[in-house]
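Peer 1: Quick one, what's the 3D model for this:
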Amino acid sequence: MMLEVVGLCTGYDSIPVLYDVSLSIVSGESIGILGHNGMGKTTLLKSLIGALPATSGTVRFDGDDITKLAPHARARRGMAYVPQGREIFPALSVYDNLRLGLVKTGQRPADAVERLLTDFPRLKPLLARLGGSLSGGEQQLLALARALAGNPTLLLLDEPTEGIQPSIIDEIAETLVLLRERSKLTIVLVEQNLDFIAAVSQRVVVIRRGQ
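Peer 2: I've put the predicted structure just below:
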């Protein structure tokens, strides 16, 4: 089992958000997380990556208990997270944004970036541009490519289609399906675009009031 969550509870300060959430995902599977705003979708992803500590329950990754691990330790084990809003570095070039995704890998930046550009060709003519000068869709492609630079086995995506043009939405869906089929990439996708979630996900989990 790639990811196993058992009885996960968490929240913000004294406000509980997730109640006894359990799910399991096998390697190479893509699942969608659906739910209205405020139901706990983003909270679940933050808890999986370790940005929000669990108050109870267990998160296991590749058979190991990672419930108390920090986000950077989870990243080293093969987890990657693309948050809502993308959070690229706007004052750095596209190339330098991609280089930052390679820090833990020891790969030569030139070789690794060239590899990434085969999956994200739209970024190739933009390498010298500042991240903040890109369109919303281009920034989303950059955030996704940066997350994949470290060769993760599990990718967590939060609302990747928010505020971007339809042509790039289709491009992202095609790229994610290709990566899942070619590299056995496991994907957890929080999304409200039903066409996109249907194109990328093999099954869907619905969160309602934190459960």
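
Peer 1: Every contact and neighbour count from this point should use C-alpha atoms.
Peer 2: Will do.

Peer 1: helices and strands of this protein: which one bottoms out on pLDDT?
Peer 2: Least confident helix or strand, the chain: helix 109-119 with a mean of 86, by mean pLDDT, DSSP states H and E.

Peer 1: Give the next helix or strand downstream of that one.
Peer 2: Next in sequence after helix 109-119, counting helices and strands by DSSP states H and E, comes helix 136-148.

Peer 1: my read: I169 touches T161, true?
Peer 2: Yes - judged on Cα atoms under 8 Å, I169 makes contact with T161 at a distance of 6.0 Å.

Peer 1: So what touches the least confident helix or strand of the chain?
Peer 2: Y95, L98, R99, L102, L123, K124, A145, A149, T175 (Cα atoms under 8 Å, 6 or more residues apart in numbering).

Peer 1: Can you select the buried ones from those in PyMOL?
Peer 2: Remark: buried members of the contacts of helix 109-119, expressed as a PyMOL selection using 16 or more other Cα atoms under 10 Å:
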select buried, resi 95+98+99+102+123+145+149+175
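
Peer 1: What's the end-to-end length of stretch 191-209?
Peer 2: From its first residue to its last, stretch 191-209 covers 16 Å (Cα to Cα, to the nearest Å).

Peer 1: Give me the buried positions along it.
Peer 2: Those would be E191, Q192, F196, I197, V200, S201, V204, I207, for stretch 191-209 by 16+ other Cα under 10 Å.

Peer 1: same deal with stretch 24-40?
Peer 2: Buried-residue list, stretch 24-40, by 16+ other Cα under 10 Å: I25, S27, G28, E29, S30, I31, G32, I33, L34, G35, M39, G40.

Peer 1: which residues in the chain form helices?
Peer 2: 41-49, 71-77, 94-100, 109-119, 136-148, 166-183, 194-200 (DSSP state H).
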